[in-house]
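In: Pasting the sequence and the predicted coordinates here, then a few questions.
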Amino acid sequence: MIIGQAMNFIAIDVETANADMASICQIGLVKYENGTLSDAWKTYVDPEDYFDSFNVSIHGIDESVVEGAPKFPELADTLRSYLEGAVVVCHTHFDRVAINQICQRYGISAINCIWLDSARVARRTWDEFAWKGYGLYNVCQILGYDFKHHDALEDAKEAAHILLSASSKSGLDIDGLLKRVRQPIDPTTICSGSAIKRDGNPEGAFYGEVLVFTGALEVTRREASEIADSLGFKVTSGVTKETTFLVVGDQDIKKLAGHEKSSKHRKAENLIKSGIPIRIIKESDFKELARLSSE
């Protein structure tokens, strides 16, 4: 196979106004045909939601930036014209969850497309990313691709770069990569239920990540921890420099538009400001992430 042929896909990324993944404030995507960039689209979005100062500190988008920007229902047809029926690439399932959640918020029918996680591709292509270090920024650095992090269009371009680099290294086209991500990271082994350990399922999409729960959850902590374990997360009780994910109860996210936060939530934000990469999401988004990751 000549690398580039049959490499037709869309890569997408979104930024959010707060920890609710439906609060999309920017969308960026790139279209590739036969491995060549053929189109790019980026837009700000009025999330009709509050902007958490913490999120603003990450991506620099606030109320003033999105003033006059279209609301998601005004953009839905354009987005659908790009994604419907296409292979859509994003790095981990978060952008997929965000698109699903915002469609549900506005009562818009789900977009029918085939999703491909470039993080799962990276974990199966390069040994150094198999069990850790497969975040977008780190993979970019190792592959020598320089880009502006936390800009939706730039992040979409990087997901595309990872996919094309993986295709070049492995010799697999889109169909081949879609099949490969459904296989164990080490295809010479057979993963079974016995592989699930206290520190997370090694074949889980998030193996190597460390997760903490905070706030009032709809399910028990034990149930939530079992879900997280199946996804590969190591679950701990307190936020530390090793933490990479914080899941916050939905009601805690909604309290006073984010002005009342638990001590774990505040500690996580302080660590992020000091350079520790922690992702903060709400419980319902975590559940949707679990559902989509199991497909």
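Out: Good, I have the coordinates.
In: Give me the neighbour count for Leu29.
Out: Counted by other Cβ atoms under 10 Å, the residues lying close to Leu29 total 28. Heads up, the C-betas are built off the backbone N, CA and C, glycines and all.
In: Just confirm it is within a helix.
Out: No - assigned with DSSP: H, G, I helix; E, B strand; the rest coil, Leu29 falls outside any helix and is strand.
In: now it, nearest residue through space, not along the chain?
Out: Excluding its sequence neighbours, the residue lying closest to Leu29 (Cβ to Cβ, 6 or more residues apart in numbering) is Ile12, at 4.3 Å.
In: for that neighbour, helix, strand, or coil?
Out: Three-state call for Ile12 (three-state DSSP): strand.
In: Against Trp126, how distant is it?
Out: Remark: distance between Ile12 and Trp126 (Cβ to Cβ, to the nearest Å) = 22 Å.
In: Which of those two has more residues huddled nearby?
Out: Ile12 (31 against 19).
In: Report how many residues lie close to the closest residue to Met7 other than its chain neighbours.
Out: Spatially, and ignoring its direct neighbours in sequence, Met7 is nearest to Gly35 (4.0 Å; Cβ to Cβ, 6+ apart). Residues lying near Gly35 (other Cβ under 10 Å) number 20.
In: pretty sure Gly35 is touching Ser167, no?
Out: Yes - taking Cβ atoms under 8 Å as the definition, Gly35 is a contact partner of Ser167 at 7.5 Å.
In: which stretches of the protein form helices?
Out: 53-59, 63-66, 72-83, 94-105, 118-125, 136-143, 152-170, 174-180, 221-231, 250-254, 263-273, 283-293 (DSSP state H).
In: Least reliable of these by average pLDDT, please.
Out: Note on the helices of the chain: helix 250-254 shows the lowest mean pLDDT, a mean of 74.
In: hmm, back to that, which of the helices of the chain sits most buried?
Out: Most buried of the helices of the chain by mean neighbour count (mean count of other Cβ atoms under 10 Å) is helix 118-125; its value is a mean of 24.
In: Please save the CA atoms from that one in CSV.
Out: In CSV, the C-alpha atoms belonging to helix 118-125 read as follows (Å, rounded to 0.1, in the frame of the first residue of the first chain):
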residue,chain,number,x,y,z
SER,A,118,-5.9,8.5,18.0
ALA,A,119,-4.7,7.8,21.6
ARG,A,120,-5.6,4.1,21.1
VAL,A,121,-3.8,4.2,17.8
ALA,A,122,-0.7,5.7,19.3
ARG,A,123,-0.7,3.1,22.1
ARG,A,124,-0.7,0.3,19.5
THR,A,125,1.8,1.8,17.2
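In: how far off helix 94-105 does it point, in degrees?
Out: Between helix 118-125 and helix 94-105, the angle comes out at 150 degrees (axes from the mean of the first three to the mean of the last three Cα atoms, to 10 degrees).
In: Just name whatever secondary elements helix 118-125 is in contact with.
Out: On a contact count with 3 or more Cβ pairs under 8 Å, 6 or more residues apart in numbering; DSSP states H and E, helix 118-125 meets helix 136-143, helix 152-170, helix 174-180.
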